[in-house]
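Student: Structure for the following, please:
(2 chains)
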Amino acid sequence: MQPKDFGFGEDEKMLRDSARKFLSDTLPIDKLRKLVAADHVDAYESDPQPVFYDEAIWKQIVELGWTTLAVPEQSGGAGMKTVAVVALAEEAGRAALPSPLIATLIATAIVREADGPGASKLLERIAAGEAVSMAMTDAQGSWEAEDTDVVANVAGDETKLSGTACFVQDARKAGVFVVAAKSAEGVGLYCTDADAPGVTVHPDQIVDLTRDQGRVDLSEVLVAADNVIAAPGAGSGAIEKAMPTVLAIVAADLVGAAEWQLQTTAEYARTRTQFDHPLGFFQAVKHPIVDSMIAIDRARSLVYAAACDIDCGDATAETTARMAKSAAADASAYVSGRSVQLHGGIGFTWECDIHIYFKRQQHNQMLYGDGVYQRAKLGDLL
Amino acid sequence: MAKKDTPEQAEFRAHARKWLEENRPAPPKTRLPELAIEVALEEHRDYLCEWQKKCYEAGLVACDYPTEYGGGGHSGFQRIANQEMGRADVPFLINVIGLGMAAPTILHHGSDEQKKKYLPPLFSADEIWCQGFSEPGAGSDLASAQTSAVRDGDNWVINGHKVWTSLATFAKWMILLARSSNDHKYNGLTYFVAPIAATEGVTVRPLIKITGGTGFNEVLFEDVVVSDDMRLDDIGKGWTVAMTTLTHERGAAEGAGGGGMGIEERIDGLIELAKKTPRGSGTAWDDAVIRDRIVQIAIRAAGLRHTARRGRVDGLIEHPMRLPLQGKVVMTELMQDAAQIGLDLTGAAGSLYLKDPNAPDGGDWSHAYLNSYGMTIAAGTSEIQRNILGERVLGMAKSK
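Tutor: Predicted structure coming up:
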């Protein structure tokens, strides 16, 4: 029997409210603008693209314990439920927070499902504040671990990784990568430090200003036995098991940011006057804003339902999580489009903050598969 | 927080469940329509009135109304009774307009005498109620109603034309919004309880729906005399009273319960239809585009279900009316889109209607699609719903 409140009780509410307060105090919109969108030349023309990121905020986040939230208690974490994790991800989205928080929460979810000797060690490092990101995507951007371009050469106790992982999130913020690599027995997961010999990060030039992304080249990178997260053949299973959580986290980030877009656009429609009326007087403006709200609420409900399914070990977790990601990706695409369009002339300019969220949303929509991708998977599940 | 039953409520729930199991009636000779507001046959009327009376006598109707007006005098019992009636797969209650709209309005605005007179036979379905708000010239802009009420001593004389009046053929009473003054749009309206059955000057004519079926009516008033003690609240307060009625309208739609096909059933039907519809070398279910459309419907339905659940979790609500006010527009548009996909899937055979022996699923997809427009128009069109959401929840300026 599932809890009627999705398991969102007093502890979860306290965490969410304090996260919301911390982010609105620490990173209000004017500070976010200065941090990530101070200069368009800097953003899109310097090579490499700068990492727009406030390390001091990240240190505070680590101190607040947000990265340890999903780490089990036996590994030194808080061992909180998925419903708490998605509530936190929603706040990160609402603030368009530039940080390796989401990447670390995703990696945590996957490592938790693995039972290699390195898994608990890495969880302990995460609990101590290490930023971690998954390196599992091939050059085509496949979200299936089997498609990895990285090869693992296993020789006795040692494994050597060679190849390239693409679309690695927050690649220059992470201290550790969890690499999906193929060998004869199948996909394994391996932990390597970002500054280990043979590891080179090539930054991508991306649209989103609130994160960084890169290609991680691995050239005979040595992984000791105690850094094997999942043995060869066990990696895909760990990723599959964690995928509902991964999708729920990304969907929550989308929903939080979409709510900011909604409120900001509604505020503009309340205050901007044309033809002697506030914009919201006109139904051609009002109705799309209402449709934005409806789309967000559908996605938000599905995010919490998915988190609850996951926490209850319910067999429907994958279905609900893919529904949540599909709904959140589509909602945010719609809300983003309307937020720019309904801001009119100013919405098309760099000076209007709307573009910061628009770009973050665009990035999140594709992560771990967009709406069409999720629905293709759902067709087989229904 | 999700509402937990108190010990009294838990006991009542058990009683309701047991009673419904033991008293579920045999189905009528001909199939009931999907909703109470579509009842058009006397046979169905008799069957459903008898059922509502039994439910009332078992304490499942008007549970939360004061005992002096025929209610059960409880608190929080009706929600439970509705839930149990919903899950028990029993016929719907016929007097939906009465229970959902007239009764709460009378309770709020009526005199003690009016409450004693009208409420008990409404609850027992001895007297059926209908609603006289919409007119040919006053739909979404309800306050422009032109049906006139002219004072004549202790009486009022009513002249006008009401439309979309479900159940009027069986109704004893109508809640009526009429114009008592032409000087003010809103303050010129007065609210009455008007006699319908066997009343001089009242003509009830069935309106034929887009589906070709009956189910609602138009009502013509020609010099109909209504005594002043049938007026609810003050002269000129009709708009305020009507707002009370409309606040409860959504509840009336929900209170209909049972009978109609739910969205989950619709989706199962869609997937089943896709799996048996040939396309190329396989079935329509193998077609990625069709599958995507059906899965989108399933996602919207799941979203709606979990939104209803989230609506009861305080910590996950931004505004108290934000989720409740979405229900009507989201559900009716979803049902419409689902029916349209079904119709598309049937291809050429979608041209076949109810009586054609070759019509897929008995022509239900065409019928459901046509009929779905009743739901997106009734009780405030989808456009009006969006205005309400934009204005009440997001604080945008009132549209004209």
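
Student: all helices for the chain, in order.
Tutor: Just going to use chain A. For chain A, applying DSSP state H gives helices covering A:10-26, A:29-36, A:40-45, A:55-64, A:82-94, A:101-112, A:117-127, A:235-271, A:283-311, A:317-347, A:354-366, A:371-381.

Student: wait, chain B
Tutor: Using DSSP H, helices in chain B cover B:7-23, B:42-57, B:78-87, B:96-97, B:103-109, B:112-123, B:238-247, B:249-255, B:263-276, B:288-310, B:327-345, B:364-377, B:382-388.

Student: Now the last one: average pLDDT?
Tutor: Confidence over helix B:382-388, taken as the mean pLDDT, stands at 96.

Student: hmm, who's touching it?
Tutor: A:283, A:286-287, A:290-291, B:140, B:325, B:328-329, B:332-333, B:376, B:380, B:398-399 (C-beta atoms under 8 Å, 6 or more residues apart in numbering or on different chains). Any C-beta I mention is one placed from the backbone N, CA and C, and that applies to glycine too.

Student: quick one: low-confidence ranges for the stretch 101-250 of chain B?
Tutor: B:250 (pLDDT under 70).

Student: dump the residue contacts of the residue of it found nearest chain A.
Tutor: In the stretch 101-250 of chain B, the residue that lies nearest chain A is B:S140 (11.7 Å; C-beta to the nearest C-beta). Neighbouring residues of B:S140 by C-beta under 8 Å, 6+ apart: B:G380, B:T381, B:E383, B:I384.

Student: what separates stretch B:274-293 from the chain centre, distance-wise?
Tutor: Its chain's C-alpha centre and that of stretch B:274-293 lie 35 Å apart, by C-alpha atoms, centre = their mean, to the nearest Å.

Student: swap in stretch A:276-294?
Tutor: So, by C-alpha atoms, centre = their mean, the centroid of stretch A:276-294 is 30 Å from its chain's centroid.

Student: Just the buried positions in it, please.
Tutor: A:278-283, A:285-294 (16 or more other C-beta atoms under 10 Å in any protein chain shown).

Student: swap in stretch A:28-48?
Tutor: For stretch A:28-48, a neighbour-count test (16+ other C-beta under 10 Å) marks A:L32, A:R33, A:L35, A:V36, A:A37, A:A43 as buried.

Student: which among those gets closest to chain B?
Tutor: When the buried residues of stretch A:28-48 are compared against chain B (criterion: C-beta to the nearest C-beta), the nearest one is A:L32, at 21.4 Å.

Student: wait, the closest one sits on A:A95?
Tutor: Yes: counting by C-beta atoms under 8 Å, A:A95 is a contact partner of A:L32 at 7.2 Å.

Student: Can you list the buried residues in stretch B:278-292?
Tutor: Neighbour counts over stretch B:278-292 (16+ other C-beta under 10 Å) mark B:T283, B:A284, B:W285, B:D287, B:I290, B:R291, B:D292 as buried.

Student: what's the straight distance from one end of stretch B:187-201 to the other?
Tutor: 27 Å (C-alpha to C-alpha, to the nearest Å).

Student: if we can go back for a sec, show me which pair in the contacts of B:S140 is furthest apart.
Tutor: The largest separation in the contacts of B:S140, counting by C-beta to C-beta, is between B:G380 and B:E383 at 8.7 Å.

Student: still on that earlier bit, let me know the closest of the buried residues of stretch B:278-292 to A:D170.
Tutor: Distance to A:D170, by C-beta to C-beta, is smallest for B:D292 among the buried residues of stretch B:278-292, at 31.4 Å.

Student: so who does B:G72 touch?
Tutor: B:G59, B:A62, B:C63, B:D64, B:Y65.

Student: And whichever residue of the stretch 201-350 of chain B sits closest to chain A, how far from B:L334?
Tutor: Of all residues in the stretch 201-350 of chain B, B:G303 sits closest to chain A, at 3.3 Å by C-beta to the nearest C-beta. Noted for B:G303: a distance of 9 Å to B:L334, by C-beta to C-beta, to the nearest Å.

Student: Just want to know which of those two has more residues nearby.
Tutor: B:G303 (26 against 19; other C-beta atoms under 10 Å in any protein chain shown).

Student: ok so, going back, what about the closest residue to the residue of the stretch 201-350 of chain B closest to chain A other than its chain neighbours, how many residues nearby?
Tutor: Of all residues not flanking B:G303 in the chain, A:R298 sits nearest, at 3.3 Å (C-beta to C-beta, 6 or more residues apart in numbering or on different chains). The number of residues packed near A:R298 is 27, by other C-beta under 10 Å.

Student: pLDDT score for A:R298?
Tutor: Residue-level confidence at A:R298 comes out at 98, pLDDT.

Student: what sits against it?
Tutor: Contacts of A:R298 (C-beta under 8 Å, 6+ apart): A:A327, A:A331, B:I299, B:R300, B:G303, B:L304, B:T307, B:V330.

Student: let's go with 7 Å and repeat that
Tutor: A:R298 makes contact with A:A327, A:A331, B:R300, B:G303, B:T307, according to C-beta atoms under 7 Å, 6 or more residues apart in numbering or on different chains.

Student: Make sure the fourth one is actually in contact with A:A327.
Tutor: Yes: shown here, B:G303 and A:A327 form a contact pair, counting by C-beta atoms under 7 Å, at 5.9 Å.

Student: which residues are common contacts for the two?
Tutor: Looking at what touches both B:G303 and A:A327 (by C-beta under 7 Å, 6+ apart), the common residues are A:R298, A:L302.

Student: how about the residues of the stretch 151-300 of chain A that lie near chain B?
Tutor: A:266, A:269-270, A:277-278, A:280-281, A:283, A:286-287, A:289-290, A:293-294, A:297-298 (C-beta under 7 Å from any C-beta of the partner chain).

Student: Run through who's touching stretch A:370-381.
Tutor: Stretch A:370-381 has contacts (C-beta under 7 Å, 6+ apart) with A:318-319, A:322-323, A:325-326, A:329-330, B:288, B:291-292, B:295-296.

Student: Recalculate using a threshold of 6 Å.
Tutor: Contacts to stretch A:370-381, defined as C-beta atoms under 6 Å, 6 or more residues apart in numbering or on different chains, come from residues A:T319, A:R322, A:K325, A:S326, A:A329, A:D330, B:R291, B:D292, B:V295.

Student: Make a markdown table from those residues and add pLDDT to it.
Tutor: Listed next are the contacts of stretch A:370-381 as a markdown table, based on pLDDT from 0 to 100:
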| residue | pLDDT |
| --- | --- |
| A:T319 | 98 |
| A:R322 | 98 |
| A:K325 | 98 |
| A:S326 | 98 |
| A:A329 | 98 |
| A:D330 | 98 |
| B:R291 | 96 |
| B:D292 | 97 |
| B:V295 | 97 |
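
Student: Distance to A:T164 for those residues - can I get that in JSON lines?
Tutor: Below are these laid out as JSON lines (distance: C-beta to C-beta, whole Å):
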{"residue": "A:T319", "distance to A:T164": "33"}
{"residue": "A:R322", "distance to A:T164": "28"}
{"residue": "A:K325", "distance to A:T164": "26"}
{"residue": "A:S326", "distance to A:T164": "29"}
{"residue": "A:A329", "distance to A:T164": "26"}
{"residue": "A:D330", "distance to A:T164": "31"}
{"residue": "B:R291", "distance to A:T164": "34"}
{"residue": "B:D292", "distance to A:T164": "32"}
{"residue": "B:V295", "distance to A:T164": "34"}
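
Student: Most neighbours among those residues, which one is it?
Tutor: A:K325 (36 neighbours).

Student: That one and A:D54, how far apart?
Tutor: 28 Å.

Student: Run a quick neighbour tally on A:T108.
Tutor: Counted with other C-beta under 10 Å, residues neighbouring A:T108 total 27.

Student: show me what contacts it?
Tutor: Contacts of A:T108 by C-beta under 6 Å, 6+ apart are A:A70, A:V71, A:I126.

Student: wait, doesn't the second one sit right on A:L123?
Tutor: Yes: under the criterion of C-beta atoms under 6 Å, A:V71 is in contact with A:L123, at a separation of 5.1 Å.
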